[in-house]
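**Q** dropping the sequence and predicted coords here.
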Amino acid sequence: MGAKLGGSGGSKYDLGQNSEINVTPFVDIMLVLLIIFMVAAPMATVSIALDLPPAVPPNPNDPKPKKPVFISIQKTGAIFVGEAVQSSLVNLPADIPAAMQKEGVTGNFTEERVFVRADADVMYEQFMAVLNVLQANGYFKIGLINEDIE
């Protein structure tokens, strides 16, 4: 830090150009940031105690999980249930249990999870119509599938 108080050449009020960088504000800011990081760093290392259940290997005699039923909606409005069963909004409540029976699901079909996937160009109205039909027929375990667009 320095100041020019006068000197040779020029009038006594002419200080001239000072081409040196004033580092005092820079050092002040760095010290404030250092204090902030010193205070914040111990808070990031606080541990939270978790009571996790012990790991249990799966029983090899358990039945394999059932394959879920997929409902696909194309941009043309065509609805497919399962592998290649073409359906409509009217036939959808009857086609879902039929597709679940093919996969070996027995019992209450509305308790099983149903996955819905749609093309990126499907109108929102068509998508919501399918979801409304599912919910109106008691299918509340609905999963939405997002596929990457290339």
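**A** Ah, there it is.

**Q** can you pull the contacts of Met100?
**A** 69, 109, 112 (CB atoms under 8 Å, 6 or more residues apart in numbering). To be clear about C-beta, it is placed using only N, CA and C from the backbone, and glycine gets the same treatment.

**Q** which SS class is the residue nearest to the first one when sequence neighbours are not counted?
**A** If I follow you right, that is Val69. Distances taken as CB to CB, 6 or more residues apart in numbering put Ala99 closest to Val69, at 4.8 Å, once the chain neighbours are dropped. Assigned with DSSP: H, G, I helix; E, B strand; the rest coil, Ala99 falls in the helix class.

**Q** ok, Ala99 touching Ile79?
**A** No - using CB atoms under 8 Å, Ala99 makes no contact with Ile79, being 11.9 Å away.

**Q** any buried residues in stretch 59-71, and which?
**A** 68-71 (16 or more other CB atoms under 10 Å).

**Q** now stretch 82-91, how far from the centre of its chain.
**A** For stretch 82-91, the separation from the chain centroid amounts to 30 Å (computed by CA atoms, centre = their mean, to the nearest Å).

**Q** my bad, stretch 64-82
**A** The answer for stretch 64-82 is 23 Å, by CA atoms, centre = their mean.

**Q** also stretch 59-68?
**A** That offset, for stretch 59-68, works out to 29 Å (CA atoms, centre = their mean).

**Q** and the contacts of the helix or strand bottoming out on mean pLDDT in the chain?
**A** In the chain, no helix or strand scores lower on mean pLDDT, DSSP states H and E than strand 85-87, which sits at a mean of 81. Applying CB under 8 Å, 6+ apart, the contact partners of strand 85-87 are 78-81, 95, 98-99.

**Q** repeat that for stretch 119-136.
**A** Contacts for stretch 119-136 (CB under 8 Å, 6+ apart): 71, 73-75, 77, 79, 89, 92-93, 96, 114, 116, 118, 142, 149.

**Q** at 7 Å what do you get?
**A** Residues from elsewhere that reach stretch 119-136, judged by CB atoms under 7 Å, 6 or more residues apart in numbering: 71, 73-75, 77, 79, 89, 92-93, 114, 116, 118, 142, 149.

**Q** residue ranges with poor pLDDT in this protein?
**A** 1-12, 14, 44-46, 149-150 (pLDDT under 70).
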